[in-house]
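**Student:** Sequence and predicted structure, then a few things I'm wondering about:
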Amino acid sequence: MRKDKGGAMIMKITDSVLYVGVNDRDIDLFEGQYAVPHGVSYNSYIILDEKIAVMDSVDARKTEEWLDNLAAALNGRKPDYLIVSHLEPDHSGSIQAIARQYPDMKLVMTAKALSMLPQFAGQALAARAAAVKENDTLSLGAHTLRFFTAPMVHWPEVMVNYEESEKLLFSADAFGKFGALDTDESWLSEARRYYFNIVGKYGSPVQTLLKKAAGLDIRVICPLHGPALSENLEYYIGKYQVWSSYAPEDQGVLVAYGSLHGNTAGAAKYLAELLKFQGANVFLADLARDDMALILAEAFRFDKTVLACSTYDGNFFPKMEDFLLHLKAKAFQKRRVALIENGSWAPMAAKCMKSYLEQMKEITLCENTVTIKSTVSEENKAQLAELAKELLA
Ligand SMILES: Cc1cc2nc3c(=O)[nH]c(=O)nc-3n(C[C@H](O)[C@H](O)[C@H](O)COP(=O)(O)O)c2cc1C
Ligand SMILES: [Fe+2]
Ligand SMILES: [Fe+2]
């Protein structure tokens, strides 16, 4: 990484391909809802050759910093092309600014993106944009970009771009991760949370993209968020294979509870302890207090989920409903689920939870559903032990 005099941050991907993206540590919620305690990066790259291509712009929150990075990388030259992989504002938010700064620069994108461009960057820019289709190439000199459409990874206009001479895959939102680039954390947890919350609904389009990628010799994956990946690529691609097929990644149990006065929470903790004691990998989560996006990612990670919930006004604890809505929206499927409910006079929570689970594909309910009446009884403890046995059978 190098900082020039003006403070621009540039990293080498290869001798002629530089990272010119930006970290955003000030944003409170990504896409208006996801907590990013370590920020997020909006990645952009530049390929320096006879012709110069800039790979994507960044969120409007960081336009100036990005243009400074670009200017430093360009070192007096001018870009010939802006390659637009994705029009979501975290990547298209600075298109107008770069187009103003470099009036001779052309824009390159899919036909679908071209049709949507005016919505994000005004009418005038369409005249400077060219549409590319599957397998088209663009020669920059020694470097050649080959374009592959990737519809619904994670918008319809998306493409990924493969640079043939250095074997770089510019993968759009795929293989992205939350967290600014200078965050010291492992890739897996924040990449999983990113995948299931941002791209998770689109497993089948991701599988299509992975099939295309399998035909390429890839040395470095350059995503639009998070670090460029240059080692052990089978590991990352393997994770994406598992995630996009909705198969569980690990054996284990998410125990997620919504509790008004703590008794349902107590039952969930009791079950979690029983499961752990028997060697299970358990993630215990409070739906009212813990990060919903992380809990959702853990539900996808494991093969089993236990939902424990209080009855609330003839219905169920709203945070549980919220969680089930999130799971449904992200196409949660192919999992075993167990239910624990609590109610003081007419318990309803299990029925309510079931009505949501029935709308999901290939959910297998456990035979044991535990009903608690206000406080956890000795009988309930025995039922929870039975449930633990069923879950681990
Ligand atoms: C605001 C509120 C509404 C409730 N509505 C119902 C209800 O409609 N039916 C019922 O059986 N219990 C109802 N209860 C009782 C709780 O469901 C029950 O006491 C609770 O599940 C105990 O578990 P907890 O300590 O985990 O909250 C209600 C409790 C509260 C505080
Ligand atoms: Fe996106
Ligand atoms: Fe993005």
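**Tutor:** Yep, it's here. Ligands and ions are numbered 1, 2, ... in the order given.
**Student:** ok now stretch 59-70, how far from the chain's centre?
**Tutor:** 23 Å (Cα atoms, centre = their mean, to the nearest Å).
**Student:** buried sites along it?
**Tutor:** By 16 or more other Cβ atoms under 10 Å, the buried positions in stretch 59-70 come out as 59, 60, 61, 62, 63, 65, 66, 67, 68, 69, 70. Any C-beta I mention is one placed from the backbone N, CA and C, and that applies to glycine too.
**Student:** What residues does residue 353 make contact with?
**Tutor:** 307, 309, 316, 320, 324, 339, 341 (Cβ atoms under 8 Å, 6 or more residues apart in numbering).
**Student:** Which of the buried residues of stretch 59-70 sits closest to residue 180?
**Tutor:** Closest to residue 180 out of those is residue 62 (11.2 Å), distances taken as Cβ to Cβ.
**Student:** from memory that closest one sits against residue 26, does it?
**Tutor:** No - applying Cβ atoms under 8 Å as the test, residue 62 and residue 26 come out as separate, 9.2 Å apart.
**Student:** related to what we said a few turns ago, now for the buried residues of stretch 59-70: which two are most distant?
**Tutor:** 61 and 70 (16.2 Å).
**Student:** Quick check: the closest residue to ligand 2 within the stretch 101-250 of the chain vs residue 316, distance?
**Tutor:** Nearest residue of the stretch 101-250 of the chain to ligand 2, counting by Cβ to the ion: residue 173, 4.2 Å away. Going from residue 173 to residue 316 by Cβ to Cβ, to the nearest Å gives 34 Å.
**Student:** Comparing these two, which shows the higher neighbour count?
**Tutor:** residue 316 (27 against 24; other Cβ atoms under 10 Å).
**Student:** that older thread, so which of the buried residues of stretch 59-70 are in helices?
**Tutor:** 63, 65, 66, 67, 68, 69, 70 (DSSP state H).
**Student:** Take these and write them to JSON lines, including pLDDT and distance to residue 248.
**Tutor:** Putting those into JSON lines (pLDDT from 0 to 100; distance: Cβ to Cβ, whole Å) gives the following:
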{"residue": "63", "pLDDT": "98", "distance to residue 248": "41"}
{"residue": "65", "pLDDT": "97", "distance to residue 248": "40"}
{"residue": "66", "pLDDT": "98", "distance to residue 248": "39"}
{"residue": "67", "pLDDT": "98", "distance to residue 248": "44"}
{"residue": "68", "pLDDT": "97", "distance to residue 248": "45"}
{"residue": "69", "pLDDT": "97", "distance to residue 248": "40"}
{"residue": "70", "pLDDT": "98", "distance to residue 248": "43"}
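**Student:** what's the closest of the buried residues of stretch 59-70 to residue 205?
**Tutor:** So of the buried residues of stretch 59-70, ranked by how close each gets to residue 205 (Cβ to Cβ), first place is residue 59, at 23.4 Å.
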